[in-house]
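1. Requesting a structural model of the entry that follows:
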Amino acid sequence: MVTYVFILVLTLASCAAKIMHVQEGGEVELHFSYPCNSTRITLQYGYKAPCFSSNPWSKSMPPNQELEIEDETDDCCIKLTISPVSKDDAGTYILTAYRNGIRLPEYPRIGLRVAYPPRQASCEINDDNSDNNAEWLSLHCRAPQGTLPGQIICYQDGMRLPNRNGPRESGGHVRQELLARLDGFVRCCSSTIDHIKEERNCTDWGWDPMSDRIFEDISHLTPEARSTDQTNHLTSDTVTVNITTTTPDIAESFPNRETEPVEYAESQRSNLQWVVSFTLSMSFSVIIIIILSIKYHHNVKEMQHLKSSLPPKNASQPGNTCLQSPNKCPDESNV
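-> All right, here's what the predicted structure looks like:
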């Protein structure tokens, strides 16, 4: 009995696994140490056949996994790099070392736990509008549940759509109801609570209310590509007509509706400039007239002041007999 207990304790100690946690889409490195005097080492995933063997040499790894052997004198190690990590990479990785065909009792195991968000979302359109609002419709959306808390978000014309109720988990799915308008392309997707996807990355499900078309996957159609595709479609039709037929001059066949508003705007601008120029000229003229009037009244007052200070014309001055009796003064022309 004591022997069996000792063997069980030894087995549990040798099989103790290290647990590592990583989120889907990230990168992780798993390090396995083993004795350098080992004659053969293998690496396996769970209880499947080994994906790596050193003797005989064989390696069968997924595309996102890379194996590197570091066999130094004192410390030998295998490094397994997984990037990007996917949900399928979760599990237990076991390294086994052999010496002369005998498996060594101590071998490392690493358990990898991968956290992932809800999977691809899909929606159903509810035509029964209980709110009696003809501009809005309800979208009943759901997505397979992940290990991370998730939600469903929708965009329309660059704006995030409002929720009619919050996300809830039921039957292995995340369920949520949102409101959408009857105009503008709608795109929906699943997302985590902490990390909300942008509109360009929201590509799980789409709906065009104008044509009433539903798209199960719009990963190939970004918001910019959608408008570009419509422009290219119109452009390609125009180019085909120009190549296959001889079209008349558009300016002669149709009225130039684009240049008429421009000419009208130029005319209005010219009239406005004339009015402003005339108003400024009149204002300047009025100012000049006011200044001249003020100066004229000032000069008139000065002249009146000078006249009031001069003596009268018939006033006599002492010592001047010529002024008193001009006939008594000799004629200067006779002197």
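
2. For the residue most central in space within the chain, report the pLDDT, please.
-> For the chain, the residue nearest the mean C-alpha position is E198 (7.5 Å; C-alpha atoms, centre = their mean). At E198, the model reports a pLDDT of 93.

3. Would you mind measuring from it to Y116?
-> The gap separating E198 from Y116 is 19 Å, by C-beta to C-beta, to the nearest Å. C-beta here means a position set from N, CA and C on the backbone, and glycine is covered the same way.

4. Okay, now the unreliable bits of the stretch 51-200 of the chain?
-> Applying pLDDT under 70 to the stretch 51-200 of the chain flags the ranges 73, 128-134.

5. can we see that at 90?
-> 56, 69-75, 105-108, 126-136, 182-183, 194-195 (pLDDT under 90).

6. Can you list the residue ranges for helices in this structure?
-> Applying DSSP state H to the chain gives helices spanning 2-14, 223-244, 250-253, 259-309, 321-324.

7. Of those, which shows the lowest average pLDDT?
-> helix 2-14 (a mean of 36).

8. list the contacts for the closest residue in space to I19 that isn't next to it in sequence?
-> With sequence-adjacent residues excluded and distances taken as C-beta to C-beta, 6 or more residues apart in numbering, I19 is closest to G111, at 4.6 Å. Residues counted as contacts of G111 (C-beta atoms under 8 Å, 6 or more residues apart in numbering) are 17-20, 91-93.

9. So in terms of bridging, what pairs with G111?
-> I19, T92 (DSSP bridges).

10. What of E177?
-> Beta-bridge partners, per DSSP bridges, of E177: H140, N165.

11. number of nearby residues for it?
-> When neighbours are defined as other C-beta atoms under 10 Å, E177 has 18 of them.

12. correct me, but it touches N163?
-> Yes. With contact defined as C-beta atoms under 8 Å, E177 counts as touching N163 (7.2 Å).

13. who touches Q23 in this structure?
-> Q23 neighbours (C-beta under 8 Å, 6+ apart): 85, 114-116, 148.

14. please redo it, this time with the cut-off set to 6 Å
-> Listed by C-beta atoms under 6 Å, 6 or more residues apart in numbering, the contact set of Q23 reads A115.
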